[in-house]
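S.K.: Here's my sequence, what's the structure:
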Amino acid sequence: MIHNRTMIEARPAPSGTIGPIAWLRANLFSGPINSIFTLLGLYLLYVLLMPTIQWALINADWIGTSREDCSRTGACWVFINARIGQFIYGLYPGSEIWRVNLTFVTFAALIAWLAIPRLPFKHWVAAVALLGFPLFAYFLLYGGHFGLDVVETHRWGGLMLTLVLAVVGMVAALPIGVLLALGRRSHMPIVKSFCVVFIEFWRGVPLITVLFMASVMLPLFMPTGVSVDRLVRALIGITLFQSAYMAEVVRGGLQAIPRGQEEAAAALGMNYWKRMGLIVLPQALKMMIPGIVNTFISLFKDTTLVMIIGLFDLLGIVQAALSDSRWLGFSLEGYIFAGLMFWIFCFSMSRYSQYLERKLHTGHKR
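M.R.: Numbers count the residues shown, from 1 in each chain. Sure, this is the predicted structure:
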């Protein structure tokens, strides 16, 4: 018997199993029933999408300054163009808008630095983003220092106000939620009881009630002559409300870590805070990324509720613009614009969380 000891050269896959046609055959037209459902789905998409594309893009009006420039056969994006400054900056003075733009650019640069994998000094940039940027943004947006004019918070609005509420709420709610979760798992009765009562209280009331109480009732408990800005009251209410939900997300992650991890750290002589900070929390936070981002997305969308206390975020400023007699009848365009802006930010957070999951995946995921 003769044995062939030479290796057979690699050959390409059969042409019928690779490429877009092969993918369509395997996934959409793999059989008669699958083919029928695929064709029905394509027809349904055609019926639904073609009128929408016709209205939103082909027959839409893009250029102009007043409602007379809209033909009424398609969407009137002239309304968005005419009000885009108000939708982004609210009633912020036009001569000071550069301060808002500088804040946006700085924030985007910090996020991009943290998101791009190969850039160095990420720990330092994260520290600047969490500790330095809020102060920088406050002095720049509010003013009153370094020769900048004061811009009262009642003039803040639009997308700028939405981002301020969301970013401050996210940055403040996460550490408070971590401390509450640790306190709820504590063996000290007083600490545990306080954390349980705090979490269950804030989770048991709707956010709209919290905002109303923070705006109307909180000033009644302040000493005479002491007043708290309405925006600050809203930020406090949002932070406390979201920190309770964040605490439960963190607690779920802590319970998913095997008890042996903490016991092994204790056997090495680590105290409680070292065990939590170096062993347990890093693993738990990595596993909690989907839950944390889900809470952040919920917080971002819940910022629209500040309308009830007289703060005009993106949705609030759009609704205020729709009441203008010069632009009556274009509510659909305004709501589509607001919804698109919210979708862009929420989708971006979702995609970045998926990137973090893949980057930090070390075997917990099955």
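S.K.: show me where the stretch 1-150 of the chain has helices.
M.R.: 20-27, 32-53, 78-89, 97-115, 122-127, 133-142 (DSSP state H, counting those that start in this stretch).
S.K.: starting at the chain centroid, how far to the first one?
M.R.: On the basis of CA atoms, centre = their mean, to the nearest Å, helix 20-27 sits 36 Å off its chain's mean C-alpha point.
S.K.: Also the fourth one?
M.R.: With CA atoms, centre = their mean as the basis, the distance from the averaged C-alpha position of helix 97-115 to the chain average is 16 Å.
S.K.: could you give the angle of that helix to helix 78-89?
M.R.: When axes from the mean of the first three to the mean of the last three CA atoms, to 10 degrees is applied, the directions of helix 97-115 and helix 78-89 differ by 80 degrees.
S.K.: Report the rounded mean pLDDT for helix 97-115.
M.R.: The average pLDDT for helix 97-115 rounds to 90.
S.K.: What are the buried residues along it?
M.R.: Buried residues in helix 97-115, counted by 16 or more other CB atoms under 10 Å: 99-100, 103, 106-107, 110, 113. All C-beta spots, glycine's among them, are computed from the backbone N, C-alpha and C.
S.K.: Would you tell me which one of the helices of the stretch 1-150 of the chain is buried the most?
M.R.: helix 78-89 (a mean of 19; mean count of other CB atoms under 10 Å).
S.K.: what's the nearest residue to W327 if we skip its chain neighbours?
M.R.: F79 (5.4 Å; CB to CB, 6 or more residues apart in numbering).
S.K.: And L141, how close does it get to F107?
M.R.: Applying CB to CB, to the nearest Å, the value for L141 to F107 is 11 Å.
S.K.: With L42 instead?
M.R.: According to CB to CB, L42 stands 42 Å off from F107.
S.K.: from the middle of its chain, how far away would stretch 277-289 be?
M.R.: Relative to the centre of its chain, stretch 277-289 is centred 21 Å away, using CA atoms, centre = their mean.
S.K.: Looking at that stretch now, give me its mean pLDDT.
M.R.: 84.
S.K.: Kindly export that stretch (C-alpha atoms) in PDB.
M.R.: Written as PDB, here are the backbone C-alpha positions of stretch 277-289 (Å, rounded to 0.1, in the frame of the first residue of the first chain):
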ATOM      1  CA  GLY A 277     -12.300  48.200  44.900                       C
ATOM      2  CA  LEU A 278      -9.600  45.900  43.500                       C
ATOM      3  CA  ILE A 279     -11.400  42.500  43.300                       C
ATOM      4  CA  VAL A 280     -15.200  42.500  43.400                       C
ATOM      5  CA  LEU A 281     -16.300  45.800  41.800                       C
ATOM      6  CA  PRO A 282     -14.100  45.700  38.700                       C
ATOM      7  CA  GLN A 283     -15.600  42.300  37.800                       C
ATOM      8  CA  ALA A 284     -19.100  43.300  38.800                       C
ATOM      9  CA  LEU A 285     -19.100  46.500  36.800                       C
ATOM     10  CA  LYS A 286     -17.800  44.700  33.700                       C
ATOM     11  CA  MET A 287     -20.800  42.300  33.900                       C
ATOM     12  CA  MET A 288     -23.200  45.200  34.600                       C
ATOM     13  CA  ILE A 289     -22.400  47.200  31.500                       C
END
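S.K.: buried sites along that stretch?
M.R.: 279-281, 283-289.
S.K.: just stretch 148-157 next, same as before
M.R.: Applying 16+ other CB under 10 Å to stretch 148-157 flags 151, 153, 156-157 as buried.
S.K.: re the thing from before, correct me, but the residue nearest to W327 touches E333?
M.R.: Yes: counting by CB atoms under 8 Å, F79 does reach E333; the two are 5.4 Å apart.
S.K.: if we can go back for a sec, the buried residues of stretch 277-289 into TSV, with extra columns for secondary structure and distance to V228?
M.R.: Formatted as TSV, the buried residues of stretch 277-289 follow (DSSP: H, G, I helix; E, B strand; the rest coil; distance: CB to CB, whole Å):
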residue	secondary structure	distance to V228
I279	helix	40
V280	helix	37
L281	helix	33
Q283	helix	39
A284	helix	35
L285	helix	32
K286	helix	37
M287	helix	38
M288	coil	32
I289	helix	34
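S.K.: would JSON lines of these with distance to M188 be doable?
M.R.: Compiled in JSON lines, the buried residues of stretch 277-289 are given as follows (distance: CB to CB, whole Å):
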{"residue": "I279", "distance to M188": "21"}
{"residue": "V280", "distance to M188": "18"}
{"residue": "L281", "distance to M188": "19"}
{"residue": "Q283", "distance to M188": "24"}
{"residue": "A284", "distance to M188": "20"}
{"residue": "L285", "distance to M188": "23"}
{"residue": "K286", "distance to M188": "27"}
{"residue": "M287", "distance to M188": "26"}
{"residue": "M288", "distance to M188": "24"}
{"residue": "I289", "distance to M188": "29"}
